[in-house]
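> any chance you can model this:
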Amino acid sequence: MDTPSIILLVVSASISFGLGRLFVHLRNKKREAEKQRVQRLAQEARHNLPPEAESKNKAKRKRQQRNALK
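Sure thing, here's the model as predicted:
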């Protein structure tokens, strides 16, 4: 192979690698944002749940009261 074709091969391979890494980076960034959004929605849903009815079990009732204070 002559020099210009080797240079062209190296340049095209580096561009291809760079674009591939860019796409992977953007895809991971999008997935992370979606994951954080889902976690935030789940946290809000847990926060907005109605309180449980008070238990007749003494130990469980104490746990419920401690968790309500948090």
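> output the lowest mean pLDDT helix or strand found in the chain.
Within the chain, no helix or strand scores below helix 58-69, which has a mean of 85 by mean pLDDT, DSSP states H and E.
> now the helix or strand containing residue 28: average pLDDT?
Assessed by DSSP states H and E, residue 28 sits inside helix 3-47. The average pLDDT within helix 3-47 is 96.
> what separates it from the chain centre, distance-wise?
Relative to the centre of its chain, helix 3-47 is centred 14 Å away, using CA atoms, centre = their mean, to the nearest Å.
> please list all residues in contact with the residue nearest the centre of the chain.
The centre of the chain sits closest to residue 35, judged by CA atoms, centre = their mean, with a distance of 3.0 Å. Contact analysis of residue 35 by CB atoms under 8 Å, 6 or more residues apart in numbering lists nothing. Backbone N, C-alpha and C define where each C-beta goes, glycine included.
> could you measure from it over to residue 28?
Between residue 35 and residue 28 the distance is 10 Å, computed by CB to CB, to the nearest Å.
> what of residue 34?
Relative to residue 28, and taking CB to CB, residue 34 is found at 11 Å.
> find the residues that touch each one of these two.
Common contacts of residue 34 and residue 28 (CB under 8 Å, 6+ apart): none found.
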